[in-house]
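Colleague: mind folding the following:
(one chain, ligands or ions: 1)
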Amino acid sequence: ITSICKRHLSIIVFKGDAPQTVYYIPDFISEDEESYLLQQVYKAPKTKWTQLSGRRLQNWGGLPHPRGMVPEKIPDWLQAFCEKISSLDAFGGKTANHVLVNEYKQGEGIMPHEDGPLYHPTVTTISLGSHTLLDFYKPVSCMEGEAPQTEDNRYLLSLLVMPRSLLILQDEMYQHLLHGIQGQTHDLLTEQVVNLSFTGALPGETLTRGTRVSLTIRHVPKVMKMKLMLGRK
Ligand SMILES: O=C(O)CCC(=O)C(=O)O
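Modeller: You can find the predicted model right below:
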């Protein structure tokens, strides 16, 4: 695996012949915007949070469903950022209509997973409050030969996402690889962190995690059309 950089923003990781596109944009939002977003996240009613093992989350925009998402209005404080990201043409001309807010306390994480077919195959993430390391893995079925398919030998690379950055994953990076966050309190930055030179951090450095809130902003193409039944007999 090698990585190359285009105008300090995008990293194209090659695995075999397949380009896997990552855009890492440091300081996509300002410190004031970061504080504002954190304030709004923590202002949401307690009932808006779902506690999972290792993190808690808020879902905005509706629940994605194979038959179509019943859309819910995204609050103005999030809508502004959905539009800002969509204006980069991240979703093929469409505007993001779904946001997951994840909160990870120090030492928490998320198991390696794929985001699945209900979304346009682009995931965009704004990080607030703390950095984290996002790790990428080959799916189980892709291992050649008889080697045991442990998480360790499926591991490919990591991306360091700093507070206020925007990460955009597309192509194979979204559709084929699994991503996850190890539940740890410290991150040792090795050469496996392929975007290190764009983050201000140094190889060999160890970063201490704090509480991180991420906004995962996506486009759900299949949405139920709600017909107005008013006035019908
Ligand atoms: O917090 C992150 O950056 C990753 C979130 C994620 O993978 C998800 O919500 O599916």
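
Colleague: how about residue 78, secondary structure?
Modeller: helix (DSSP: H, G, I helix; E, B strand; the rest coil).

Colleague: who are the contact partners of it?
Modeller: Going by Cβ atoms under 8 Å, 6 or more residues apart in numbering, residue 78 touches 40, 60, 99, 215. Bear in mind the C-beta positions are built from the backbone N, C-alpha and C, glycine included.

Colleague: so the third one sits in a strand?
Modeller: By that I understand residue 99. Yes. Checked against three-state DSSP, residue 99 lies within a strand.

Colleague: give me the neighbour count for it.
Modeller: The number of residues packed near residue 99 is 21, by other Cβ atoms under 10 Å.

Colleague: the second one now?
Modeller: One way to gauge burial is a neighbour count; for residue 60, by other Cβ under 10 Å, it gives 20.

Colleague: just the first one next, same as before
Modeller: Taking other Cβ under 10 Å as the criterion, the count of residues near residue 40 is 14.

Colleague: grab the nearest non-local neighbour of it.
Modeller: Sequence neighbours aside, residue 77 is the residue nearest to residue 40 in space, at 4.4 Å (criterion: Cβ to Cβ, 6 or more residues apart in numbering).

Colleague: just the second one next, same as before
Modeller: When the adjacent residues along the chain are set aside, residue 60 lies closest to residue 99, with 4.3 Å between them (Cβ to Cβ, 6+ apart).

Colleague: near the ligand, which residues of this structure?
Modeller: 100, 102, 110, 115, 125, 134, 179, 214, 216 (Cβ under 6 Å from any ligand atom).

Colleague: go again with 5 Å.
Modeller: Contact residues (Cβ under 5 Å from any ligand atom) of the chain with the ligand: 100, 102, 125, 214, 216.

Colleague: adding secondary structure and distance to residue 67, write those out as TSV.
Modeller: As requested, the residues of the chain next to the ligand are exported to TSV (DSSP: H, G, I helix; E, B strand; the rest coil; distance: Cβ to Cβ, whole Å):
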residue	secondary structure	distance to residue 67
100	strand	20
102	strand	25
125	strand	27
214	strand	28
216	strand	22
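
Colleague: if you rank those residues by neighbours, which is first?
Modeller: residue 214 (24 neighbours).

Colleague: need the contact list for the closest residue to it other than its chain neighbours.
Modeller: In space, residue 214 comes closest to residue 102 once its chain neighbours are excluded; the distance is 4.8 Å by Cβ to Cβ, 6+ apart. Taking Cβ under 8 Å, 6+ apart, we find residue 102 in contact with 55, 56, 57, 110, 213, 214, 216.

Colleague: repeat that for residue 62.
Modeller: With the criterion set at Cβ under 8 Å, 6+ apart, residue 62 makes contact with 69, 70, 71, 72, 97, 98, 220, 223.

Colleague: circling back to that earlier point, for the residue nearest to residue 40, give me the pLDDT.
Modeller: Note for residue 77: predicted pLDDT of 97.
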